[in-house]
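[1] One predicted model, sequence on top.
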Amino acid sequence: MSALLRAEGVTVLGRSGEPIIDRIDLEVQRGEVLALLGVNGSGKTTLIRVLAGLVAPDAGALTLGDGGEPGARRHAAYLPQLARPVAWRDAVGNAALPLEASGIGRRTARRAAREALLAHDPALMRRGGRRAASLSGGERQRLLLAGVLAIARPIVLLDEPLGAVDAIERRAAGERLRALSASGSAVVLVTHEPTEAARVADRIVVLGRRPGTVIAERVPPPPDRRDAELQGLLAADLLELLAGAAA
Amino acid sequence: MRSSFLRTLAALLLMLGAWEAACAAFEVDPSTLPAPSDAWTAFTGSQDVLLRALRTTAIEALAGLAAALLLGGLLGLAMAAFRPIRATFEPVLVVSQTIPVIAIAPLLVTWLGFGLLPKIVVVALIAIFPIIVAVAQGVRQADSAVDELLRGAGAGRWRRLRLVELPAAVPAMLAGARVSALLVVPGAVAAELVGATDGLGRLLLIYDRDGRTELTFACVLLLAALGLALWTLVSIADRWSARRGLVGSA
């Protein structure tokens, strides 16, 4: 494994000057699903926005694995928390939005979005001509997730992408993320759900609250060798860590 | 929608009927308050003059509204998208709204003459403010998470404008235009009162001077009909955009 992205001593200050995240060291490795786990207000979103190159840290540095500057904003595909499809595009058009944003022409982007949906979320593709407003909350989330994943970039940053997604599709999305990492991408998954982290992540970094700091890291056996019992134990362990951080 | 339209129509007819009956019952002098039928007779008698004036006023109102939509849409978009533009123009706009447009109308006549142009400018000045405010607000309320998504994917300012903010501005602009549509006809008349060679505002002045109350009322009713027609036009466009799903984000 090699690092694709490295955060060193990253600190971001809030408006009052208090740190939101404080001196965080983090490496994102090629071929892993890294879960950033933390309670509400632990700075998960701030950290992932730093990783996406959208927030400049007040102290510390972000470097790409090859030593390049991440400032060009093109190193990662990023799905922000609570991003919702726009109403004036149909489902396929919304999945094409991230692709168009990355500079691909409208028609090519639409074709690529359709192919991505067909390959990875055929159930959603059957509703491809629908307006976003007629889709359920979970379907809307899956739509933008499909679009962001279709931007082929080595680093995929997802901020609570599955909050409204049902259990079946959640499992399918988890498998999709596993497949992505197996093909050499790095996936960073922000979540506040210990069970989700225990199911899909190769490595789990737990953030403590106010300011957000790394309080623990877990590298359990690989997910394909993690049976239900081990997953349960891991989730319980993570929940304990969160409870300690919240106290 | 159809039943509410019928109800409104019925209420209007009822009001006109009551007006007609009251004029007959109390034998009101037509030169003080003409009955609707007097206004109608006056209208049919001077139809050509009145309809030509209506056309002029309608052109002023429509052209002014169109100019306000175009310029207001652009300015609102620019103000929403670029903070320095907002910071510069917002105070200027607010101050400009404290100046009664009608107070500068004589100046516009001095600069631009008695023709259509000064009226269109007056109408546009009156109509532009609600449109700018609605567009600027509509665009700024566009989903900030989607904006982050586009930025994360590598979209610069212009691409974000094209992909999300511009489409989000259309329904906002129409919402603002609904307010403006009610302001443009009074605006056009006010501009004509200051100095005009044509239009219903000018006829109002003449009929009032000559004591032709029934014709004054015919003008007033025509103006009301014009205002209503414009408002309906914009409302239809507004509803169409809502049906197409052009309303913000889902």
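    Arrived safely.

[2] In chain A, which helix is the longest?
    The residue-count maximum for a helix in chain A (DSSP state H) belongs to helix A:228-246.

[3] separation between the residue of chain B found nearest chain A and B:Ala134?
    In chain B, the residue found nearest to chain A is B:Gly152; the distance is 3.2 Å by Cβ to the nearest Cβ. C-beta coordinates here come from the backbone N, C-alpha and C atoms, glycine included. B:Gly152 sits 29 Å away from B:Ala134, going by Cβ to Cβ, to the nearest Å.

[4] likewise A:Ala116?
    36 Å.

[5] follow-up on the earlier one: neighbouring contacts of the longest helix of chain A?
    Residues outside helix A:228-246 that contact it (Cβ atoms under 8 Å, 6 or more residues apart in numbering or on different chains) are A:37-39, A:42, A:192, A:194-195, A:197-199, A:204, A:206-209, A:215-216, A:218, A:220-221, A:226.

[6] Enumerate every residue touching A:Arg106.
    By Cβ under 8 Å, 6+ apart, the contact list for A:Arg106 reads A:Ala96, A:Glu100.

[7] List phi and psi for it.
    phi -60, psi -50 (degrees, to the nearest 10).

[8] Return the set of buried residues in the longest helix of chain A.
    A:Gln231, A:Leu234, A:Ala235, A:Asp237, A:Leu238, A:Leu241, A:Leu242, A:Ala245 (16 or more other Cβ atoms under 10 Å in any protein chain shown).

[9] just curious, which of the residues you listed is nearest to chain B?
    Nearest to chain B among these, with distances taken as Cβ to the nearest Cβ, is A:Leu242, at 24.5 Å.

[10] so where's the chain uncertain?
    In the absence of a named chain, chain A is used. Within chain A, the ranges that satisfy pLDDT under 70 run A:1, A:67-73, A:247.

[11] um, chain B though
    When residues are selected by pLDDT under 70, those of chain B lie in B:1-2, B:243-250.

[12] Just want the most central residue of it.
    Geometric centre of chain B, nearest residue: B:Ala181, 2.5 Å, by Cα atoms, centre = their mean.

[13] pretty sure it contacts B:Val234?
    Yes: if you go by Cβ atoms under 8 Å, B:Ala181 and B:Val234 touch, sitting 4.4 Å apart.

[14] Would you map the strands across chain A?
    A:3-13, A:19-29, A:33-38, A:59-64, A:76-79, A:155-159, A:186-191, A:203-207, A:214-218 (DSSP state E).

[15] Save those strands as JSON lines, and put in distance to chain B too.
    Shown next, in JSON lines, are those (distance: least, Cβ to the nearest Cβ, whole Å):
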{"stretch": "strand A:3-13", "distance to chain B": "14"}
{"stretch": "strand A:19-29", "distance to chain B": "15"}
{"stretch": "strand A:33-38", "distance to chain B": "16"}
{"stretch": "strand A:59-64", "distance to chain B": "14"}
{"stretch": "strand A:76-79", "distance to chain B": "3"}
{"stretch": "strand A:155-159", "distance to chain B": "7"}
{"stretch": "strand A:186-191", "distance to chain B": "12"}
{"stretch": "strand A:203-207", "distance to chain B": "20"}
{"stretch": "strand A:214-218", "distance to chain B": "23"}
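
[16] Out of the ones you listed, which is the most enclosed?
    The highest mean neighbour count among the strands of chain A, using mean count of other Cβ atoms under 10 Å in any protein chain shown, belongs to strand A:76-79: a mean of 28.

[17] Who does it pair with, and is each partner parallel or antiparallel?
    Strand A:76-79 sits in its sheet next to strand A:155-159 (parallel), going by DSSP bridges.

[18] quick check, distance from the strand it pairs with to the centre of its chain.
    3 Å (Cα atoms, centre = their mean, to the nearest Å).
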